[in-house]
Structure formats: C-alpha cells, structure tokens
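Student: Sharing a model prediction with you, sequence too.
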Amino acid sequence: MKRTAVLRKAILEKRALVVPGCHDAFSAGVIEKCGFEAVQISGYGIAGSYLGKPDVGLMQMKDILDISFNISQAVSIPVMADVDTGGGNAVNAAWITRRLIQTGLAGMNIEDQVFPKRCGHMSGKEVIPADEMAGKVRACADVRKEMDPDFIINARTDVFAVSGLDEAVRRCNLYLEAGADLAFIDGIRTRKDIETAVRKVKGPLSVNLMDAVSGMKTELIPIPELAAMGVGRVSIPVASIMVMHRALADFFTALKTSLSGILPGQTQWLTSFKEYTDFVGLPEYRELEDRYLPGGRMEGKYRGETQIVR
C-alpha cells in the first residue's frame, strides 16, 4: 500500500495516530525503529538543526524541500512535511504540494499565519484572512486530486491565540470544506477545548502535545483518552530536537569539566560504534562493496594496505 494511503487510513480511523516530529533523516530513522507508524518533519526542529536558529520563518523553501526529500528516503513509514505558510500565496502553495508529492511525501502541514511565521507556541502571532488561507488549501487540493488523491493536507490555524476557540473552529471547517483532510488548532489549551473542537470540527482533528513532557500551552492528555475523544492525529513535534540538545549539552559539559579531559568507561553517554554503524546500514554497504568492487582491492582496503588505483 502507498504511504499516502497508509497515512490516510490511519488518520480517518480517528484513533489518535501518534506522529512524532523529527529534525533530520537520522532522527526520523530512530522514530521508525522505535515502532511509530508515521513521522512528521518539525519546522521548529529543522530550523534548530539546520540553521541553529529559532523557528521564525528563516528557513528557505528549497532547503525545506531538500531536507524533506532526504527524510522521506531514509524511512519506509509515511512522512508529513511542514511547509509553514506554503512559500507565499496559493500559487506558491500549489507548487510546493506538487514537489512534495513528486518526492514521496505522504502529507503536509500548511498554516494560516502571516509570513514570517513563528512556532505555534510562541507569542506574537498574526494570521491571514480566512478566505485567503482557504484559497491556498483549494490550490493544494487541486494538485492532490491530479497527482495522488491520498496525499494528506493538514490545515493548521493559529487563530486560537488571537481570537479564541470559536473562530478557530470556524476556520477549521472552512479549510476542510476547501479540501483539507485534517484540521489543526495550534496552541489549543484544555481538555474541554479539545473535546469541543472534536465535536464541532467537521473532520479529523490534530492535537499538538509539543514534547510529550511539558505540554507547553496545551494540556497533556494521555493518548488513549484522546483516541476515545475521536482525535485523528497527535503530533509531538519538538521532542527530538530537545532530546538531542539535552544529550549533547550534558555529554560535552561532562567532557569539559572532567579533570582528565576524557570519560573512560562511561558508556552510558554513548551508543556503541557497532550499534551506530549497524543502525545507519554500514553492513549493507559492505555487502554491496563485496558484490560489485574488485576483490583484491577490497581485501587490501580492509587490511589497511595502501591501494594504487589504476
């Protein structure tokens, strides 16, 4: 089954499909290895990992597309891209949708913020008129119809922080009518708000639990309870970049403060070299070398001998 169809089926079942966020191909592979059914690309995460900057609209769309392609190729589970505001107006958003489908993505998030956007849990957000966003969604939906009817369009509204739940619900329904498959109220606050949204939004609802630990602006609710409410998707977008930051900071702090400048025997900090190389597929590449490259050269290479390449 196509990855787009797999993702569509899981979301329409309204069982609170958990879609963790990744910040690169490596973190996507870890998420898949841990057993999750789908992964989303975190705009917050790639701004941090690629630029070392906050998620305030600094990423170039070409870079987002290139990173999305690499992540999609690294895993076999469905991948949802984060295209922020779609790269411009409805025409730009349609072009981005075409590129994503061509490169194997299973879905995308597109939002109604004014560009330059900012992370949904930051303050100071502005939104475009609802009819302008609905036009973007229609344009994306027309491309989807032409290229892959199962491709998922997740329409995000950031209006909750500006105008409250009623306007957020109104926008969600407008975007669903325009062709979105999934609606997402970012920054929604409480269990009651989510229950109301599930009841009033005329399609699957996505809920953002940010890091699954602090909840930030949204109340943390166990996944089975969200499933019982009928939530379609649960995103956990920033955990991978936050975990990476903590692990790197803790390790290099320990290394710097060690009296000897090394940490002999402290294996708790690291995966083993073999574990890592197995994970990234080195044995498979060695097999390809054995299959296709001249035997004498490979024997010398792995004995550590210097080879003369003719």
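Tutor: Nice, I can see it. Numbers count the residues shown, from 1 in each chain.
Student: Which residue ranges make up each domain of this structure?
Tutor: For the chain, automatic domain parsing gives the domain ranges 3-244, 272-310.
Student: Could you tell me the least trusted of these?
Tutor: Within the domains of the chain, confidence is poorest for domain 272-310, with a mean of 80 (mean pLDDT).
Student: Tell me which of the domains of the chain is the most buried.
Tutor: Mean neighbour count, computed with mean count of other C-beta atoms under 10 Å, is highest for domain 3-244 among these, reaching a mean of 20. No exception for glycine: its C-beta is placed from N, CA and C like everyone else's.
Student: start to end distance for it?
Tutor: Start-to-end span of domain 3-244 (C-alpha to C-alpha, to the nearest Å) is 27 Å.
Student: i'd like the first residue to be 21 from this point on
Tutor: Sure, I'll start numbering at 21, so the last one becomes domain 23-264.
Student: Any idea how far it is from the middle of the chain?
Tutor: 8 Å (C-alpha atoms, centre = their mean, to the nearest Å).
Student: Please, where are all the strands along this protein?
Tutor: 37-42, 59-61, 99-102, 127-131, 172-177, 202-205, 225-228, 253-256 (DSSP state E).
Student: before we move on, back to that, dump the domains of the chain to TSV, plus distance to Ser280.
Tutor: Formatted as TSV, the domains of the chain follow (distance: least, C-beta to C-beta, whole Å):
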stretch	distance to Ser280
domain 23-264	26
domain 292-330	21
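Student: Could I get the phi/psi values of Phe135?
Tutor: Reported as degrees, to the nearest 10, the phi and psi values for Phe135 are phi -80, psi 140.
Student: I'd assumed Gly77 was in contact with it.
Tutor: Yes. If you go by C-beta atoms under 8 Å, Phe135 and Gly77 touch, sitting 5.9 Å apart.
Student: who touches both of the two?
Tutor: Taking C-beta atoms under 8 Å, 6 or more residues apart in numbering as the criterion, Phe135 and Gly77 both touch 104-105.
Student: distance of Tyr70 from Pro40?
Tutor: 18 Å (C-beta to C-beta, to the nearest Å).
Student: just Asp270 next, same as before
Tutor: 21 Å.
Student: cool, Asn193 as well?
Tutor: In terms of C-beta to C-beta, Asn193 sits 28 Å off from Pro40.
Student: Over to Ser234?
Tutor: 15 Å.
Student: do Ser280 as well
Tutor: 37 Å.
Student: With Ala267 instead?
Tutor: Ala267 is 16 Å from Pro40, by C-beta to C-beta.
Student: Could you do Ile241 as well?
Tutor: Ile241 is 16 Å from Pro40, by C-beta to C-beta.
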